[in-house]
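Student: I would like the atomic coordinates for the input below:
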Amino acid sequence: MTKLPILLFLSCAPLAAQAAGLPGAELSLAWGLPFVGILLSIALCPLFLPHFWHHHFGKVSAFWALSFLLPAVALYGTGVAGSVVAHALLEEFLPFIILLFALYTVSGGILISGNLHGSPRLNTGLLALGTLCASLMGTTGAAMLLIRPLLRANDNRKHNVHVVVFFIFLVANIGGGLTPIGDPPLFLGFLKGIDFFWTLQHMLLPVAFAAAVLLTLFYAIDSWLYRQEGVRRIDPTPDSPLRVEGKGNFALLAVIVFAVLLSGLWKPGVSVSLLGVDTGLQDLVRDGLMLGCAALSLWMTPKAVRERNEFDWGPILEVAKLFAGIFVAMAPAIAILRAGTEGALAPLVRTVTDGNGAPIDSMYFWLSGALSSFLDNAPTYLVFFNLAHGDPVHMMGPMASTLMAISAGAVFMGANTYIGNAPNFMVKAIAESRGVRMPGFFGYMLWSGAILIPLFVLMTLLFFSL
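Tutor: Presented below is the predicted three-dimensional model:
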């Protein structure tokens, strides 16, 4: 974040603890314009103002955050505005970015050196491996571990954009759907009381089906392009045996997974209040363990390993600056959604239930997914979780199919846009730094629209139409 939002946050801080949140039932859709503005900036500026965007994207993010905050201060006072910023940054953004930072730093200390030949069989195998790893070490950890070896294997290919796009689909999103460790929405459900193995049991078939379809489609596309390329470029990284360095970081990844599990299972009943935001002791311990793992990884991993891994802070800094603005600017949209049938999006909210008040699973799948494509999928998951019923025992029992629909929508459709899930942005940034000409915001949506939307329609008929 730049200094201006921080100064505004500090100026509002003294009143934040006493303030209520935004009155979602009173807000018009015009309050969502700053959020639309930041989305359009992310989509259009890299295309039309690439030099400006590269040097000032943090300032653009701050501008749109202030475009919401300043009118909020004028109309609702510094107390309400401060409360919004405090909750957005302390309750949502900081845990989010600490987890990403820890996974990014630790996985960046693992060097898979050597190089393999980027054949369709190898690429499909790496995508399948990453899909499996995503639920064990998080989509961020799996993506950061495997994207560089995959890029090296294909750096002599004429056509390699599709490899990265399918990597985002599978490793950075859909693969994280099996456990609460895999993706933030499922982690929030775990904290709300959803059993760890409930997710694995009920999400296994949807994840396996989606992964199988995408891997089969990828193999067909990659095989066709591989044959079309004919004589390939000179390989800048010739084939050589693989070696793994920085193995101690795998132990740190295990500690991060343990920290996540601990925060969901250990409930000491002790909390600390900061600016009106209550943070449980278990959450402080979790974040402390993760930051400690990141620091230990930086200390114990030889500098040469990270240099050879071409590790740098650019991708995580880009995510931090952009998502800080996104978390603040999207606050009115989340407040309107939370107002349910009393808010400006009431017609949309009413579509998830039939005339008898029974949930329509297909609509929960599509609405939670569509909004997760542009809003952060974690708070969107919570909105629909509470809208459906909110009680974890009831959601796992009579409403199990509805909970599965919400979970699948939030996790799977994070792949629809670059901002649907934070690893999407990081993978894009790393690929571009390696010379891959990634599609722009709308170009990527053409890929996801052509491939994922038909898949999700088929999944609706198979899993969510009863």
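Student: ok, now which ones touch residue 392?
Tutor: 189, 192-194 (Cβ atoms under 8 Å, 6 or more residues apart in numbering). Placement of C-beta: from N, CA and C, glycine included.
Student: return the member of these nearest to residue 216.
Tutor: residue 189 (29.5 Å; Cβ to Cβ).
Student: what's the helix or strand for that closest one?
Tutor: Assigned by DSSP states H and E, residue 189 belongs to helix 184-192.
Student: what's that helix packed up against?
Tutor: helix 196-229, helix 248-265, helix 377-388, helix 400-412 (3 or more Cβ pairs under 8 Å, 6 or more residues apart in numbering; DSSP states H and E).
Student: a markdown table for those helices, including distance to residue 292, mean pLDDT and mean neighbour count?
Tutor: Listed next are the helices and strands packed on helix 184-192 as a markdown table, based on distance: least, Cβ to Cβ, whole Å; pLDDT from 0 to 100; neighbours: other Cβ atoms under 10 Å:
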| stretch | distance to residue 292 | mean pLDDT | mean neighbour count |
| --- | --- | --- | --- |
| helix 196-229 | 24 | 93 | 17 |
| helix 248-265 | 8 | 88 | 18 |
| helix 377-388 | 23 | 79 | 23 |
| helix 400-412 | 28 | 94 | 27 |
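Student: list the contacts for residue 458?
Tutor: Residues counted as contacts of residue 458 (Cβ under 8 Å, 6+ apart) are residue 213.
Student: and it, what element?
Tutor: Assigned by DSSP H and E, residue 458 falls within helix 441-459.
Student: what residues of that helix count as buried?
Tutor: Buried residues in helix 441-459, counting neighbours by 16 or more other Cβ atoms under 10 Å, are found at 441, 444-445, 447-448, 451-452, 455-456, 459.
Student: is the nearest residue to residue 445 once chain neighbours are set aside in a helix, a strand, or coil?
Tutor: Nearest residue to residue 445, sequence neighbours excluded (Cβ to Cβ, 6 or more residues apart in numbering): residue 417, at 6.0 Å. Classification of residue 417 by DSSP: H, G, I helix; E, B strand; the rest coil places it in coil.
Student: re the thing from before, let's have the helices and strands packed on helix 184-192 in CSV, adding distance to residue 273.
Tutor: Output for these, formatted as CSV (distance: least, Cβ to Cβ, whole Å):
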stretch, distance to residue 273
helix 196-229, 29
helix 248-265, 18
helix 377-388, 21
helix 400-412, 29
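Student: ok, which of the ones you listed comes nearest residue 87?
Tutor: The closest of the helices and strands packed on helix 184-192 to residue 87 is helix 377-388. By Cβ to Cβ, the value is 10.2 Å.
Student: and that closest one, what other elements does it pack with?
Tutor: With 3+ Cβ pairs under 8 Å, 6+ apart as the test, helix 377-388 has helix 184-192, helix 331-338, helix 361-372, helix 400-412 packed against it.
Student: what's the burial count for the closest residue to residue 442 other than its chain neighbours?
Tutor: With sequence-adjacent residues excluded and distances taken as Cβ to Cβ, 6+ apart, residue 442 is closest to residue 43, at 6.0 Å. Residue 43 is flanked by 18 other residues according to other Cβ atoms under 10 Å.
Student: how about the one 10 residues further on?
Tutor: The burial metric for residue 53, expressed as a neighbour count using other Cβ under 10 Å, is 16.
Student: and if you look at residue 145?
Tutor: The criterion is other Cβ under 10 Å. On that basis, residue 145 has 24 neighbouring residues.
Student: low-confidence regions, this structure specifically.
Tutor: By pLDDT under 70, the weakly predicted segments of the chain are 1-20, 114-116, 230-240, 376, 466.
Student: where does the residue nearest to the spatial centre of it fall, phi/psi-wise?
Tutor: The residue lying closest to the centre of the chain (Cα atoms, centre = their mean) is residue 421, at 2.4 Å. With angles defined as degrees, to the nearest 10, residue 421 sits at phi -150, psi 140.
Student: list the contacts for the closest residue in space to it that isn't next to it in sequence?
Tutor: Among residues not flanking residue 421 along the chain, residue 414 sits closest, at 3.7 Å (Cβ to Cβ, 6+ apart). Counting by Cβ under 8 Å, 6+ apart, residue 414 touches 173, 183, 372-373, 377, 420-421, 424.
Student: what's the closest non-adjacent residue to residue 112?
Tutor: Residue 112 sits nearest to residue 149 (Cβ to Cβ, 6+ apart), 4.6 Å away.
Student: now swap in residue 278 and tell me
Tutor: Per Cβ to Cβ, 6+ apart, closest to residue 278 is residue 271, 4.7 Å.
Student: so in terms of bridging, what pairs with that neighbour?
Tutor: With DSSP bridges as the criterion, residue 271 is bridged to residue 280.
Student: I figured it hits residue 282, correct?
Tutor: No: between residue 271 and residue 282 there is no contact under Cβ atoms under 8 Å: 9.2 Å.
Student: what about the helix or strand residue 152 falls within, distance to the chain center?
Tutor: Residue 152 belongs to helix 120-153 when elements are defined using DSSP H and E. Centre-to-centre, helix 120-153 and its host chain are 16 Å apart (Cα atoms, centre = their mean, to the nearest Å).
Student: ok, now stretch 205-220?
Tutor: With Cα atoms, centre = their mean, you get 20 Å for stretch 205-220.
Student: ok, now stretch 196-214?
Tutor: With Cα atoms, centre = their mean, you get 18 Å for stretch 196-214.
Student: and for stretch 160-171?
Tutor: Counting by Cα atoms, centre = their mean, stretch 160-171 comes out at 15 Å from the chain centroid.
Student: buried residues, that stretch. List them.
Tutor: Buried-residue list, stretch 160-171, by 16+ other Cβ under 10 Å: 160-171.
Student: ok, back up a step: now, which of the buried residues of helix 441-459 sits nearest residue 107?
Tutor: Taking Cβ to Cβ as the measure, residue 107 lies nearest residue 444 of these, at 23.1 Å.
Student: residue contacts, the closest one?
Tutor: With contact set as Cβ under 8 Å, 6+ apart, residue 444 has these partners: 165, 417-418, 428, 438.
Student: go on, residue 223?
Tutor: Taking Cβ under 8 Å, 6+ apart, we find residue 223 in contact with residue 120.
Student: try residue 193
Tutor: Neighbours of residue 193 in contact, by Cβ under 8 Å, 6+ apart: 392-393.
Student: how close does the nearest residue to residue 332 once chain neighbours are set aside sit to residue 24?
Tutor: Excluding the flanking residues, the one nearest residue 332 by Cβ to Cβ, 6+ apart is residue 31, at 3.7 Å. Residue 31 sits 10 Å away from residue 24, going by Cβ to Cβ, to the nearest Å.
Student: shared neighbours of these two, which are they?
Tutor: Common neighbours of residue 31 and residue 24 (Cβ under 8 Å, 6+ apart) are 332, 336.
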